[in-house]
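**Q** pasting the structure only:
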Ligand code: GLC
Ligand code: CA
């Protein structure tokens, strides 16, 4: 066993509690539901769970609108349920990562309600970004919310407050020391309750600059920030360099303070991972300097094409940039904010990419349901609940497709998720995606994930860097194979639609698609598949 901290090369399973398992038949997943499925989670071979928010919330943005960060929303249970979940996870040697949301509160938080009452110029308003309207009545600036529409909402007395997301999510003013003091209290609250780490929501957004200055191209900027809007590469890059509300250098002072707080718990090895969509990519490494956070998400694989040049660049860049600050990269193919990987690049490709990524150094995040190969749920507009859908007023259907509850068992929807009506409908076509069904099928995605994670633990955790295999990089644009070796393992991914021969030596350990054949001393890798060989 090596002595590196638990999070260094962990596999972390993201649970969206509302969609995981419903213990009381109200149609929404809850904390006791998660606790009751921890044996399943453990059986996957993951090291930790990250729970999306379960705090008191009017749930306008799936709980990322927090009204009380130190309590549990009744829809999810109560604090005792949270303690129980943590205790049961720890009994199984699973760590627990909580999601902390420091960029904004819900408008139902007592601070915001007090700010509304106290009026302009009050200390209560200084905890948020309240400003007077311009003389002509327009908002303080022209920024557009990430979810669409203006970033400002006017209150009765005429002042506006800033919200980078939904109008129900007023941004906090991090220049006010009370804000950090309150968040440190929240961090300690959950650490004292037993959590092992934090995922920091919108970690790059806390500090704003030039709040009273208009952006020269607010619509362009808003489009550039949205993954579902196509844009010329150069144009997007240029716009992303001009964001006045993300990745300001002041955020790093906050994380330096937090790091001291985490380190004060010594051997508990409390970790934090930043959700920081920043540009250019080198900026992400600043969040994981030695005296800041432990990990930063690499989101490139959420959008990368299934193409060898693209994937080579993403992997190479992430490993080498992180190395400059002595950190390891993170990998994520899906999360609650983006289309599921199987829908985005195809089912076989998604399996191949997962197996390719499980071999890499660093931490891997798996979004619950990804192990089943789930596609996005097919929803009617009348089912949708995401504020992004309502505010964008246009092409964005929002993120509900990735948030459809998990199918567990049986032949009929809702497949054991709930005895009631699930909060988003589960299509009958998911019959063959249930945990129960996949457990009976040795060729299922679930078995692939379980086997791969076991092999990863056995052969790769702590095995150091990768060596790209020369033979797979002929420099042509459309290389069929992408291959690396790491420790005793050679990983070969065939991205093409036909079988490909390769020279990889060793014994086949696992393959994401059909069988690997041998021909004239060469290995034949099936189309759209990855294989691991042990030398
Ligand atoms: C993060 C969350 C997302 C949420 C947003 C606002 O990006 O992942 O779900 O809507 O922050 O809190
Ligand atoms: Ca429930």
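**A** Okay, I see it. Only a predicted model underlies this, so the values are computations on that prediction, with no experimental measurement involved. Residues are numbered from 1 along each chain as shown. Ligands and ions are numbered 1, 2, ... in the order given.
**Q** Pull the contacting residues for the residue in the stretch 301-450 of the chain that ligand 2 sits nearest to.
**A** Closest contact between the stretch 301-450 of the chain and ligand 2, by Cβ to the ion, is at residue 418 (7.1 Å). Bear in mind the C-beta positions are built from the backbone N, C-alpha and C, glycine included. Residues in contact with residue 418 (Cβ atoms under 8 Å, 6 or more residues apart in numbering) are 22, 25-29, 405.
**Q** Can you select the buried ones among these for me in ChimeraX?
**A** Selection of buried members from those for ChimeraX, criterion 16 or more other Cβ atoms under 10 Å:
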select :22,27,28,29,405
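**Q** show me where the stretch 301-450 of the chain has helices.
**A** 308-323, 341-345, 347-358, 387-392, 435-439, 445-455 (DSSP state H, counting those that start in this stretch).
**Q** so which of those helices comes closest to residue 73?
**A** The closest of the helices of the stretch 301-450 of the chain to residue 73 is helix 387-392. By Cβ to Cβ, the value is 17.1 Å.
**Q** could you point out where the stretch 401-535 of the chain is predicted with low confidence?
**A** Scanning the stretch 401-535 of the chain for pLDDT under 70 picks out 470-478.
**Q** Tell me which residue in it sits closest to ligand 1.
**A** residue 403 (9.4 Å; Cβ to the nearest ligand atom).
**Q** Just give me the residue right at the centre of the protein.
**A** When Cα atoms, centre = their mean is applied to the chain, the residue found nearest the centroid is residue 335 (4.5 Å).
**Q** Contact partners for the residue lying closest to that residue once chain neighbours are set aside?
**A** Using Cβ to Cβ, 6 or more residues apart in numbering and skipping the chain neighbours, the partner closest in space to residue 335 is residue 367 (5.1 Å). Residues in contact with residue 367 (Cβ under 8 Å, 6+ apart) are 14, 16, 332-336, 340, 402.
**Q** Out of the residues you listed, which comes closest to ligand 1?
**A** Using Cβ to the nearest ligand atom, residue 336 comes nearest to ligand 1 of the contacts of residue 367, at 5.8 Å.
**Q** Pretty sure that closest one sits against residue 402.
**A** Yes - in this structure, residue 336 is within contact of residue 402 by Cβ atoms under 8 Å, at 5.9 Å.
**Q** distance of the closest residue to the residue of the stretch 401-535 of the chain closest to ligand 1 other than its chain neighbours from residue 333?
**A** Using Cβ to Cβ, 6+ apart and skipping residues adjacent in sequence, the residue nearest residue 403 is residue 19, 5.4 Å away. Going from residue 19 to residue 333 by Cβ to Cβ, to the nearest Å gives 17 Å.
**Q** And those two? Which one has more around it.
**A** Between residue 19 and residue 333, counted using other Cβ atoms under 10 Å, residue 19 has the larger neighbour count: 27 against 22.
**Q** interface residues of this structure facing ligand 2?
**A** 22, 24, 26, 28, 30 (Cβ under 5 Å from the ion).
**Q** one more time with 8 Å
**A** 22-30, 33, 75-76, 418 (Cβ under 8 Å from the ion).
**Q** What about these, which are in strands?
**A** Residues of the residues of the chain next to ligand 2 located in strands (DSSP state E): none.
**Q** just checking, residue 510 is part of a helix?
**A** No - counting by DSSP: H, G, I helix; E, B strand; the rest coil, residue 510 falls outside a helix, being strand.
**Q** Could you pull up the contacting residues of it?
**A** Applying Cβ under 8 Å, 6+ apart, the residues near residue 510 are 355, 448, 451-452, 455, 531-532.
**Q** Of those residues, which ones also sit close to ligand 1?
**A** Applying Cβ under 6 Å from any ligand atom, the subset of the contacts of residue 510 adjacent to ligand 1 is empty.
**Q** Could you dump these into a markdown table with distance to residue 280 and neighbour count added?
**A** Below are the contacts of residue 510 laid out as a markdown table (distance: Cβ to Cβ, whole Å; neighbours: other Cβ atoms under 10 Å):
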| residue | distance to residue 280 | neighbour count |
| --- | --- | --- |
| 355 | 30 | 25 |
| 448 | 35 | 24 |
| 451 | 37 | 16 |
| 452 | 32 | 26 |
| 455 | 35 | 19 |
| 531 | 34 | 27 |
| 532 | 33 | 27 |
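**Q** Next, count neighbours for residue 185.
**A** 11.
**Q** Next, work out how far apart it and residue 315 are.
**A** From residue 185 across to residue 315, the span is 39 Å (Cβ to Cβ).
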